[in-house]
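Novice: generate a structure from the sequence data that follows.
(one chain, ligands or ions: 1)
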Amino acid sequence: MAKTATIDIDGQKYEFPLLTGTENEVAIDIKSLRGVTNGVITLDSGYKNTGSCTSSITFLDGEKGILRYRGYSIEELAEKASFLEVAYLLIFGELPTQEQSVKFHNDIKAQSVVDDDVRKIVDAFPKSAHPMGIISSLTSALTAFNPSSVNVKSEEDMYKAIVKILGKFPVLVAWTLRKKQGLPLDYGDKNLGYVENVLKMMFKQPNEDYVQNQVVVDALDKLLILHADHEQNCSTSTVRITGSSHAGLFASLSAGISALWGPLHGGANQAVLEMLEAIKADGGDTKKYMAKAKDKEDPFRLMGFGHRVYKNFDPRARIIKKAADEVLGDLGIDDPILDIAKGLEKEALEDSYFVDRKLYPNVDFYSGIIYRAMGIPTDMFTVMFALGRLPGWIAQWREMRLNVEPIGRPRQLYIGETERAFVPVDQR
Ligand code: SDX
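Specialist: The predicted model follows:
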């Protein structure tokens, strides 16, 4: 591979270094471009060809359907690790020893009490409020109760902020759900595992003991692992660019939650279920929705299909599809929605429109079916995505700050009016 790339502008040649990553990806380092060319920039709407940073956290190969966290394959981690081990791996770079795991969990549990005044904020929301709006606000509000900004140069300060948000966020997730259901808010149980505690906080009824279902615990643990990070996606890029102004960790996470909410991103898992429900209500007529998805005049898209990077099967979708079968089977649930989803997938994978555009099921296509089997309401699906993505966002924010990256400030190509004189209102 050559060491440089050459750009020729009006006969003037400019050379730029070629960088090669550990997985042999190649990037043109254009940081000197504007300076040496007297103002020329690149333009790449949606950053489809543009890297924002170097990173050591997650590698994915969209053509081969590969996803690894810190070098470990998603298949192995989903099968053999716990969510908290994966969180530790993403944030600190190595799988924890047994001792480190115990300490990490204990430090998180020690932070799992949320200031009682946060209840006043929760109570202020109408029951009609979308859970993503609530959880984004509550996460930002944590800054008010934890005003000291994180000193990223202090490992101890950073660690404290990390275990604080990992301890408090599941409480906020449970409170967001229970507020809408008119149920009392509680703090869970320090004697439980991380995922068991999340489920108990979400689903314990005030008048009865909560009985864990190991199938549900294992399924949620796996789903959280599968959602834990995904390199420079929309919401992670939002967390990084927000943090690049030296905004605090909680404020940056709140911004990421808002970006994840969009139906083209994390909000797709809710949109998939709504789409499948509409197809079911329409007598299961998948062909009508396939036609709508292909009709350029129709804004409808086949939600849960397609991906900016994966031009092959999303490896997470493969794992989740298998888990959906297992969980519904173990729970004895026969959900026609799953059959509709499988029928839609089969049709799309045989349809030239989808095949030509390399549109495959993504992480959001089957996840909602499992969440629904767990009794999680549809409008809470993206909150569950955020719960899983939390360690990835933390890891990426920490890497950006430790790398002392400059404030993110893209350029633009101006195509508006050139200079013109002001016109007094009586002459307009
Ligand atoms: C996530 O980036 C990440 O890593 C995200 C994520 C993560 O873990 O963080 O993986 C999570 O967000 C998964 C994606 C969830 N979103 C959806 O399922 C929404 C439906 N999918 C699409 O809107 C779309 O596929 C995107 C947004 C996911 C990707 O869009 P791109 O890369 O901008 O591709 P595009 O819109 O330019 O589409 C290319 C072509 C277009 O047709 P042509 O103009 O070439 O004729 O494919 C078509 C699109 O119209 N197309 C679809 C489609 N997705 C793309 N047509 C119908 N249905 C779809 N779902």
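Novice: okay, CA-based contacts and neighbour counts for the rest of this
Specialist: Will do.
Novice: residue 29 reaches residue 6, doesn't it?
Specialist: No: with contact defined as C-alpha atoms under 8 Å, residue 29 and residue 6 do not form a contacting pair (11.3 Å).
Novice: so what sits against both of these two?
Specialist: residue 16 (C-alpha atoms under 8 Å, 6 or more residues apart in numbering).
Novice: got the phi and psi for residue 330?
Specialist: Recorded main-chain torsions at residue 330 are phi -60, psi -30, according to degrees, to the nearest 10.
Novice: swap that for residue 340, sorry
Specialist: Main-chain dihedrals, residue 340, degrees, to the nearest 10: phi -60, psi -40.
Novice: for the one 3 residues further on, same thing?
Specialist: Main-chain torsions, residue 343, degrees, to the nearest 10: phi -70, psi -40.
Novice: check contacts around it.
Specialist: By C-alpha under 8 Å, 6+ apart, the contact list for residue 343 reads residue 286.
Novice: the one 10 residues further on too?
Specialist: Under the criterion of C-alpha under 8 Å, 6+ apart, the contact list for residue 353 reads residue 294.
Novice: could I get the helix or strand harbouring it in PDB with only the CA atoms?
Specialist: In this assignment (DSSP states H and E), residue 353 forms part of helix 352-356. Coordinates of each C-alpha in helix 352-356 appear next as PDB, following Å, rounded to 0.1, in the frame of the first residue of the first chain:
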ATOM      1  CA  SER A 352     -34.300  -7.800  -6.100                       C
ATOM      2  CA  TYR A 353     -35.000  -4.300  -4.600                       C
ATOM      3  CA  PHE A 354     -33.600  -5.300  -1.200                       C
ATOM      4  CA  VAL A 355     -31.000  -7.700  -2.600                       C
ATOM      5  CA  ASP A 356     -29.600  -5.100  -5.100                       C
END
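Novice: is that helix in proximity to the ligand?
Specialist: No: with C-alpha under 6 Å from any ligand atom as the threshold, helix 352-356 lies outside contact range of the ligand, at a closest distance of 7.2 Å.
Novice: centre of the chain to that helix, how far?
Specialist: In this view, helix 352-356 has its centroid 27 Å away from the chain centroid, taken as C-alpha atoms, centre = their mean, to the nearest Å.
Novice: what's the very next helix or strand once past that helix packed up against?
Specialist: Counting by DSSP H and E, the element after helix 352-356 in chain order, helix or strand, is helix 364-373. Helix 364-373 is packed against helix 268-281, helix 315-330, helix 336-349, with contacts defined by 3 or more C-alpha pairs under 8 Å, 6 or more residues apart in numbering; DSSP states H and E.
Novice: dump these to JSON lines, plus distance to residue 174 and mean pLDDT.
Specialist: As requested, the helices and strands packed on helix 364-373 are arranged in JSON lines below (distance: least, C-alpha to C-alpha, whole Å; pLDDT from 0 to 100):
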{"stretch": "helix 268-281", "distance to residue 174": "18", "mean pLDDT": "96"}
{"stretch": "helix 315-330", "distance to residue 174": "22", "mean pLDDT": "95"}
{"stretch": "helix 336-349", "distance to residue 174": "26", "mean pLDDT": "94"}
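Novice: any idea which of the ones you listed gets closest to residue 15?
Specialist: Of all the helices and strands packed on helix 364-373, the one in closest proximity to residue 15, counting by C-alpha to C-alpha, is helix 315-330 (37.7 Å).
Novice: residues of that closest one that come out buried?
Specialist: The neighbour-count criterion (16 or more other C-alpha atoms under 10 Å) identifies 315, 316, 317, 319, 320, 321, 323, 324, 325, 327, 328 as the buried residues of helix 315-330.
Novice: which one of those residues is nearest to the ligand?
Specialist: Distances from the buried residues of helix 315-330 to the ligand were compared by C-alpha to the nearest ligand atom; the smallest belongs to residue 316, at 8.9 Å.
Novice: contacting residues around that closest one?
Specialist: Applying C-alpha under 8 Å, 6+ apart, one finds that residue 316 lies in contact with 74, 226, 362, 363.
Novice: at 10 Å what do you get?
Specialist: Taking C-alpha atoms under 10 Å, 6 or more residues apart in numbering as the definition of contact, the neighbours of residue 316 are 65-67, 74-75, 78, 223, 225-227, 361-364, 366-367.
Novice: also residue 291?
Specialist: With contact set as C-alpha under 10 Å, 6+ apart, residue 291 has these partners: 298, 300, 301, 302, 353.
Novice: can you pick the most crowded of those residues?
Specialist: Among those, residue 302 has the most neighbours (other C-alpha atoms under 10 Å), with 24 neighbours.
Novice: so who does it touch?
Specialist: Residues counted as contacts of residue 302 (C-alpha under 10 Å, 6+ apart) are 268, 271-272, 275-276, 289-294, 344-345, 348, 354, 359, 361, 365.
Novice: which bits of the stretch 251-400 of the chain sit near the ligand?
Specialist: Where the stretch 251-400 of the chain comes near the ligand, counting by C-alpha under 6 Å from any ligand atom, the residues are 264-266, 268, 293-294, 301-308, 357, 362-364.
Novice: hmm, which of those residues are the buried ones?
Specialist: Among these, those that count as buried by neighbour count (16+ other C-alpha under 10 Å) are 264-266, 268, 293, 301-307, 362-364.
Novice: for the closest residue to the ligand within the stretch 51-200 of the chain, grab the count of nearby residues.
Specialist: Ranked by C-alpha to the nearest ligand atom, the top residue of the stretch 51-200 of the chain for proximity to the ligand is residue 60, at 9.2 Å. By the criterion of other C-alpha under 10 Å, residue 60 has 20 neighbours.
Novice: which helix or strand lies directly C-terminal to the helix or strand containing it?
Specialist: If you go by DSSP H and E, residue 60 is part of strand 58-61. Proceeding C-terminally, strand 58-61 gives way to strand 66-69 as the next helix or strand, assigned by DSSP H and E.
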